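Visitor: Compute the structure for the input listed below.
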Amino acid sequence: MIDFNRLLSQLLYNPADPVLFNSAFFFYFFALFLLCYLAVSRSSQGRVWVYTVFSLYFFYKACGFYVGLVILSAIVDFNLSRWIYNTPSRSVKKSLLVFSIILNIGLLFYFKYTDFFIGIINDLTQGHIRPLHLLLPIGISFYTFENLSYTIDVYRGEIKPVNRFMDYLFFLSFFPKLMMGPIVRAADFIPQISQPYRLNTDDIGKGMYLIIGGLFKKIVISDFIYQNFVQYIFDDPSKHTGLECLIGVYGYALVIYCDFSGYSDMALGIARWTGFKIPPNFDSPYQSSSITEFWRRWHISLSSWLRDYLYIPLGGNRKGKVRQYVNLALTMLIGGFWHGASWNFIFWGGMHGAALAVDKVRIDWLKKSKTVITGWKATSLKILGVLITFHFVCFCWIFFKAATFHDAWSLIHQIVYDFQPGIWTELYQGYTAVFWVMVLGFILHFLPSRMEFTTEKLLGRLPLAASVAVMVIFIWLLVQVKSTQPMIPIYFQF
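Guide: Numbers count the residues shown, from 1 in each chain. Presented below is the predicted three-dimensional model:
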């Protein structure tokens with residue numbers, strides 16, 4: 001007999017158990033969604049309605065009635081963008097754009113930064129203003145930036161506003177990317193809505209590879225390393241030796257990459273299976289030989305958004321070298337602040353901004369000197385660049401992850417003054433499985449991209465029955481190794 005009360009509790013929002021791509025509920029949700037989606041696959045508006053309804057329900061399962069914010073944002077920016085487009089007066093257009101920016105940034109500011117600034121005011125004035133302790137709506141940073149880019153692009157004349165409200169709500173609420181990105185541009189996404197739904201072997205193979213790879217990164221690598229080692233190190237670095245802390249930092253570099261890129265890969269794979277192509281968000285970032293290259297490979301949708309809608313409007317490199325370096329630093333400071341209301345994030349963004357400015361000086365010097373390095377020297381410099389860039393990024397991750405500045409400096413202190421390399425044997429014996437998973441993670445990360453393409457082609461050639469069997473076997477294997485309680489993705493808090 002069906003337990004309707006239990007079924008109802010599963011269908012309603014539970015703040016202690018938000019829906020995740022790697023949860024059992026999502027597999028049932030996705031299977032039902034695919035059945036409904038395929039049933040209306042010949043109708044573009046049918047696909048829009050099914051996708052939107054399931055997306056809004058998915059968001060409801062993730063953060064309850066905050067789903068209303070997505071709908072409200074869509075209503076406001078759909079109408080403002082059309083007003084901007086149809087208004088002949090340049091000054092009115094600009095006023096409407098400013099109004100849209102204030103509304104979107106104001107909504108984000110209210111939920112994300114109110115308590116942060118209340119704390120600053122209390123510290124400066126010795127006041128006693130009570131923090132509001134607002135619950136941060138999941139995904140608000142991502143869909144706010146999508147709203148902003150849409151209205152700005154309409155104002156610039158780069159795109160025309162959509163005619164149907166449901167098309168815009170569909171774009172904004174598209175569940176694969178709603179909560180953790182990538183940040184998708186309307187100009188890239190909306191033209192695909194009217195395209196007929198067709199899948200070829202490339203779509204099937206690429207989608208399967210991305211979904212399987214994303215789940216593997218998230219569950220097998222990220223969750224395992226974090227739950228069995230990294231979290232102990234960062235909970236209280238002072239209790240651990242410098243060697244443990246250093247390996248913990250390397251572990252966290254893998255954790256945050258596999259956690260975030262794993263979710264992004266799953267989003268891309270699900271979108272691909274349903275007929276949509278969204279831009280990749282990561283491109284093996286730890287292979288970068290400079291910090292400039294790193295930001296072309298890491299969180300690509302955010303770095304390109306900051307470039308197009310912040311760095312370039314600030315003046316970019318058009319107003320002299322000093323102004324360019326200031327623009328870089330300011331852009332990265334704001335990028336750090338986007339991640340959260342914390343001085344740690346601002347410091348993290350500031351370090352990356354300073355590093356980008358220094359790297360820009362290096363690049364300009366090489367261009368002026370017309371220095372050309374080839375052969376083994378070029379290879380050696382590239383390897384050295386990869387090592388330096390990776391360790392700088394890891395150093396910055398300490399401040400990104402640590403709860404406070406004190407914890408961050410405590411971890412650094414342990415590495416510098418209490419390294420104790422002699423405990424390696426004992427440490428290895430206690431965390432053998434963790435260390436080998438870390439080795440596996442770095443090996444997979446540094447594999448050449450041609451192996452990825454070969455795997456995608458192989459999966460794409462499989463007959464339907466074999467494809468289903470591969471997915472079922474892989475999911476069964478994941479169930480055997482994953483923890484009983486799914487780990488909340490790191491970027492949910494942003």
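
Visitor: count of residues packed around the residue lying closest to residue 195 once chain neighbours are set aside?
Guide: Leaving aside its chain neighbours, residue 195 sits nearest to residue 275 (7.1 Å; criterion: CB to CB, 6 or more residues apart in numbering). To be clear about C-beta, it is placed using only N, CA and C from the backbone, and glycine gets the same treatment. Residues near residue 275, counting by other CB atoms under 10 Å, number 19.

Visitor: Assign residue 275 to helix, strand or coil.
Guide: Secondary structure assignment for residue 275 (DSSP: H, G, I helix; E, B strand; the rest coil): coil.

Visitor: pretty sure it is touching residue 193, no?
Guide: No. Residue 275 is beyond contact range of residue 193, at 9.5 Å (criterion: CB atoms under 8 Å).

Visitor: Spell out which residues are contacts of both of the two.
Guide: residue 47 (CB atoms under 8 Å, 6 or more residues apart in numbering).

Visitor: tell me the helices in the stretch 301-450 of the chain, going along the chain?
Guide: Along the stretch 301-450 of the chain, counting by DSSP state H, counting those that start in this stretch, helices occupy 321-339, 343-369, 375-401, 405-417, 424-430, 432-445, 449-461.

Visitor: mind putting the ones you listed in a markdown table, mean pLDDT included?
Guide: Output for the helices of the stretch 301-450 of the chain, formatted as a markdown table (pLDDT from 0 to 100):
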| stretch | mean pLDDT |
| --- | --- |
| helix 321-339 | 88 |
| helix 343-369 | 90 |
| helix 375-401 | 93 |
| helix 405-417 | 95 |
| helix 424-430 | 95 |
| helix 432-445 | 95 |
| helix 449-461 | 80 |
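
Visitor: deepest of these, which one?
Guide: helix 321-339 (a mean of 19; mean count of other CB atoms under 10 Å).

Visitor: Could you list every helix and strand in contact with that one?
Guide: helix 300-306, helix 343-369 (3 or more CB pairs under 8 Å, 6 or more residues apart in numbering; DSSP states H and E).

Visitor: Tell me how far the first one lies from the chain's centre.
Guide: Taking the mean of its C-alpha atoms, helix 300-306 sits 10 Å from the chain's own mean (CA atoms, centre = their mean, to the nearest Å).

Visitor: now residue 393: how far from residue 294?
Guide: Residue 393 sits 6 Å away from residue 294 when distances are taken as CB to CB, to the nearest Å.

Visitor: list the residues that contact both of the two?
Guide: Common neighbours of residue 393 and residue 294 (CB under 8 Å, 6+ apart) are residue 285.

Visitor: what's the neighbour count on residue 194?
Guide: 10.

Visitor: what about it, which SS state?
Guide: coil.

Visitor: Quick check: it touching residue 44?
Guide: Yes. Look at residue 194 against residue 44 with CB under 8 Å: they come within range, at 5.4 Å.

Visitor: Compute the number of surrounding residues for residue 100.
Guide: 24.

Visitor: on contacts alone, who are the packing partners of the helix or strand hosting it?
Guide: Per DSSP states H and E: residue 100 is located in helix 90-125. Applying 3+ CB pairs under 8 Å, 6+ apart, we find helix 90-125 packed against helix 67-86, helix 140-156.

Visitor: Next up, the contacts around residue 421.
Guide: residue 243.

Visitor: how about 10 Å then?
Guide: By CB atoms under 10 Å, 6 or more residues apart in numbering, residue 421 lies in contact with 241, 242, 243, 246, 427.

Visitor: could the residues you listed go into a markdown table alongside secondary structure and distance to residue 451?
Guide: A markdown table is the format used below for the contacts of residue 421 (DSSP: H, G, I helix; E, B strand; the rest coil; distance: CB to CB, whole Å):
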| residue | secondary structure | distance to residue 451 |
| --- | --- | --- |
| 241 | coil | 37 |
| 242 | helix | 36 |
| 243 | helix | 33 |
| 246 | helix | 30 |
| 427 | helix | 32 |
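
Visitor: Which single one of the residues you listed is nearest to residue 257?
Guide: Distance to residue 257 across those (CB to CB) is lowest for residue 246, with 17.4 Å.

Visitor: Look up how far residue 122 lies from the closest residue in space to that closest one that isn't next to it in sequence.
Guide: Closest residue to residue 246 apart from its sequence neighbours, by CB to CB, 6+ apart: residue 415 at 5.2 Å. In this view, residue 415 and residue 122 are 34 Å apart by CB to CB.

Visitor: Any idea which of the helices and strands packed on helix 321-339 gets closest to residue 152?
Guide: Taking the helices and strands packed on helix 321-339 one by one with CB to CB, helix 300-306 is closest: 10.3 Å.

Visitor: circling back: is it possible to mark the buried ones in the contacts of residue 421?
Guide: Using 16 or more other CB atoms under 10 Å as the burial test, the contacts of residue 421 include 241, 242, 243, 246, 427 as buried.

Visitor: ok, now which ones touch residue 121?
Guide: Contacts here follow CB under 10 Å, 6+ apart; on that basis residue 121 touches 127, 129.

Visitor: Likewise for residue 207?
Guide: Contacts of residue 207 (CB under 10 Å, 6+ apart): 199, 266, 268-274, 456, 459-460, 467.

Visitor: one more time with 7 Å
Guide: Applying CB atoms under 7 Å, 6 or more residues apart in numbering to residue 207 gives the contacts 269, 272, 273.

Visitor: In what element of secondary structure is it found?
Guide: Going by DSSP H and E, residue 207 is in helix 201-215.

Visitor: That helix relative to helix 432-445, how many degrees between them?
Guide: 150 degrees (axes from the mean of the first three to the mean of the last three CA atoms, to 10 degrees).

Visitor: after helix 201-215, next one along is what?
Guide: Per DSSP H and E, helix 201-215 leads on to helix 224-225 as the next helix or strand towards the C-terminus.

Visitor: Run through the neighbouring helices and strands of that following helix.
Guide: helix 242-273, helix 432-445 (3 or more CB pairs under 7 Å, 6 or more residues apart in numbering; DSSP states H and E).

Visitor: May I see the buried residues of the helix or strand that that helix is followed by?
Guide: Using DSSP H and E, the helix or strand that follows helix 224-225 in sequence is helix 231-235. By neighbour count on 16+ other CB under 10 Å, the buried set for helix 231-235 is 231, 232, 233, 234.

Visitor: pLDDT weak spots in this protein?
Guide: 1-4, 6-7, 464, 468, 476, 478-487, 490-494 (pLDDT under 70).

Visitor: Break it into its domains for me.
Guide: Domain ranges of the chain: 12-192, 201-493, per automatic domain parsing.

Visitor: First-to-last residue distance for the shortest one?
Guide: One end of domain 12-192 sits 32 Å from the other (CA to CA, to the nearest Å).

Visitor: circling back: what would the helices of the stretch 301-450 of the chain look like in a markdown table with distance to residue 168?
Guide: Formatted as a markdown table, those follow (distance: least, CB to CB, whole Å):
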| stretch | distance to residue 168 |
| --- | --- |
| helix 321-339 | 23 |
| helix 343-369 | 31 |
| helix 375-401 | 34 |
| helix 405-417 | 42 |
| helix 424-430 | 53 |
| helix 432-445 | 37 |
| helix 449-461 | 32 |
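
Visitor: out of the ones you listed, which comes closest to residue 262?
Guide: helix 432-445 (10.9 Å).

Visitor: For that closest one, C-alpha coordinates in CSV please.
Guide: What follows is helix 432-445, C-alpha atoms only, in CSV (Å, rounded to 0.1, in the frame of the first residue of the first chain):
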residue,chain,number,x,y,z
THR,A,432,46.0,5.5,2.1
ALA,A,433,42.7,5.5,0.1
VAL,A,434,42.4,9.3,0.3
PHE,A,435,45.8,9.9,-1.1
TRP,A,436,45.4,7.5,-3.9
VAL,A,437,42.1,9.1,-4.9
MET,A,438,43.9,12.5,-4.9
VAL,A,439,46.6,11.0,-7.2
LEU,A,440,43.8,9.7,-9.4
GLY,A,441,42.1,13.1,-9.5
PHE,A,442,45.3,14.9,-10.5
ILE,A,443,46.1,12.3,-13.2
LEU,A,444,42.7,12.6,-14.7
HIS,A,445,42.9,16.4,-14.6
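
Visitor: Sweet, I'm off.
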